[in-house]
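Chemist: make a model of this:
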Amino acid sequence: MSHKNVTIDPRSGFCKSNSIFYSKRKLCPHPPNHSLDVTTFISSRAHHGKIAFIDASTGRHLTFSDLWRAVDSVATCLADIGVRKGHVILLLSPNSIYFPVVCLAVMSIGAVITTTNPLNTTREIGKQVADSKPILAFTTRQLVPKLAESTLPIVLLDEDEPSQQYVKSAKILTTLSEMLKKQPSERRVRDRVNQDDTATLLYSSGTTGASKGVVGSHKSLIAMVQIILGRFNLTEGDHRFICTVPMFHIYGLAVFALALLASGTTVVILSKYEMHDMLSAIEKYRITYLPLVPPILVALVNGADQIRSKYDLSSLQSVLSGGAPLSKEVIEGFVERYPTVTILQGYGLTESTGVGASTDSLEESRRYGTAGLLSPGMEAKIVDPESGEALPVNRTGELWLRGRSIMTGYFGNAEATANTLDAEGWLKTGDLCYIDDDGFIFVVDRLKELIKYKGYQVPPAELEALLLTHPEILDAAVIPIPDKEAGQCPMAYVVRKAGSSLSESAIMEFVAGQVAPYKRIRRVAFTTSIPKNQSGKILRKDLIQLATSKL
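Modeler: Okay, the predicted model is just below:
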């Protein structure tokens, strides 16, 4: 964007003539070469000999040279079996040192990576497979049964030989360890990949309703890598990050599988989050940066005395929180108990490829409740949801974002795309926010109705649809209720059919049997009717008020 003839208030970043807020952060020039894929962009920053990834539980590691060789070998094998530009590859796996290898190899040949949560049920994964139509899946032996309903050829990520145990019905093509033995071929067929091509297809509930595939381009990922590198000064000193967040999620993928590789930093990977494992790994590997979600931070504050007497956390310099805002009490409590650690926050969506705004110093984080300043190159508008008017500083409306890292759209869903991205490239975030005199964003509420359970998105509409399939349920509504540990929990209001004596626990069990653990309903209340407006939309605000008045 050229800022010619545009007068921008240096303090807030707001421009009166077009009602746009501009970022105050320094922008890194975007690579001008259009024929560039994100893998090549990252690998061009060589960090030979240093360790890229360490598996916290086994101590196994990959140096940067091992990593790029592995990426080339896997890419060569994929090309040999006929994977081409535009083909979708599914990755169903817990965090591992090979997770980034698969992502980078797939994207390097112009194919598209789609990831999914290992906690999802066979049914949920089946829906994603039907929508994204992958031609191949990478998964672990233990997770093969979750692909039981598909006929996808599978590459096993586990080390040892394919056993016959789960493999009877599954179509096992080969193992990753076989692929890694392949000599990378310089002569392989390579499609030209450019920055506008699709690189990722990450499933998110979006601003409303059912899960949708968010299309991320090579350009949006390259822009995000630069934003993340710009946030941290990693050139000086020996920095080590620990990966506590899932790599299938945009937070984990953008930061750990991509951006940090470009900085030459070592990343220690936890295959799944467990407090003791995390703390032991921080001590053992002298971790300096700890990215996490708010529930983990709350646990660190609450258990501080015990934790500090048991583990040596003296290497820690910063914690980076994302997924939901931190309260003043939590920030103060953390600073008091861990005085040498800086606390930083980030705000973003799958649709913005991660960080849209962040606090990059303790001083910035101490503006309590803020999501931070706009990321470099990001523009924002605050739009009145009723009138559509763009608002100035200190006025609350829906936050719209525009920048290089914004998604291309929702996969195969023109209607949802048109509702979320306007013709000028503005992403409607669904968050009600205001921007203060100094350019700091404050999230006030969500226009969208997602429930955030421990940083995971739970779409109420999906749970409501499931409840309505129960023969004794006439109507249902699902709302978030505040929870100290999880942030929010799903609660259901249920209208039983006449004569039914269906119990709360029976309803919770009915749902639990069909969804991932984080989507389970934690409380049930019975009611005679669900409040709705004239167009039939559930009045969740009324139910939330009712529920919180009884807490």
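Chemist: helices of the stretch 51-200 of the chain, start to end?
Modeler: 64-80, 99-108, 122-132, 176-180 (DSSP state H, counting those that start in this stretch).
Chemist: out of these, nearest to Lys484?
Modeler: helix 122-132 (27.7 Å; C-beta to C-beta). No exception for glycine: its C-beta is placed from N, CA and C like everyone else's.
Chemist: now do the contacts for Leu92.
Modeler: Thr115, Thr116, Pro118, Ile125, Ala137, Phe138, Thr139, Thr140, Leu143, Lys146, Leu147 (C-beta atoms under 8 Å, 6 or more residues apart in numbering).
Chemist: apologies, that question was intended for Leu104.
Modeler: Thr39, Ile42, Ser43, Val71, Ala257, Leu258, Leu261.
Chemist: among the residues you listed, which one sits closest to Lys452?
Modeler: Using C-beta to C-beta, the contacts of Leu104 come closest to Lys452 at Ala257, 22.7 Å.
Chemist: what sits against that closest one?
Modeler: Applying C-beta under 8 Å, 6+ apart, we find Ala257 in contact with Phe99, Pro100, Cys103, Leu104, Met247.
Chemist: 10 Å instead, please
Modeler: 42, 53, 91, 95, 99-104, 107, 113, 115, 221, 243, 247-248, 267, 269 (C-beta atoms under 10 Å, 6 or more residues apart in numbering).
Chemist: and the pLDDT at the nearest residue to Met107 once chain neighbours are set aside?
Modeler: Leaving aside its sequence neighbours, Met107 sits nearest to Ala199 (C-beta to C-beta, 6 or more residues apart in numbering; 4.8 Å). Note on Ala199: pLDDT of 98.
Chemist: ok, Gln164 next?
Modeler: pLDDT for Gln164: 52.
Chemist: can you check the one 10 residues further on too?
Modeler: You'll see Thr174 listed with a pLDDT of 94.
Chemist: before we move on, what about Asn5?
Modeler: In this model, Asn5 carries a pLDDT of 61.
Chemist: domains of this protein?
Modeler: 38-432, 453-549 (automatic domain parsing).
Chemist: got those domains as JSON lines, with distance to Cys15 columns?
Modeler: Converted to JSON lines, the domains of the chain look like this (distance: least, C-beta to C-beta, whole Å):
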{"stretch": "domain 38-432", "distance to Cys15": "9"}
{"stretch": "domain 453-549", "distance to Cys15": "33"}
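Chemist: pick the most buried one from those.
Modeler: domain 38-432 (a mean of 19; mean count of other C-beta atoms under 10 Å).
Chemist: now do that one: distance from first to last residue.
Modeler: Using C-alpha to C-alpha, to the nearest Å, one end of domain 38-432 lies 32 Å from the other.
Chemist: quick one: low-confidence ranges for the stretch 201-350 of the chain?
Modeler: Residues of the stretch 201-350 of the chain meeting the criterion pLDDT under 70: 205-209, 236.
Chemist: which residues of it fall in strands?
Modeler: Assigned by DSSP state E, counting those that start in this stretch, the stretch 201-350 of the chain shows strands spanning 212-217, 240-243, 266-269, 289-292, 318-321, 342-349.
Chemist: pull the distance from the longest one to the chain's centre.
Modeler: Taking C-alpha atoms, centre = their mean, to the nearest Å, one finds strand 342-349 lying 13 Å from the centre of the chain it belongs to.
Chemist: repeat for the second one
Modeler: On the basis of C-alpha atoms, centre = their mean, the separation between the geometric centre of strand 240-243 and that of its chain is 17 Å.
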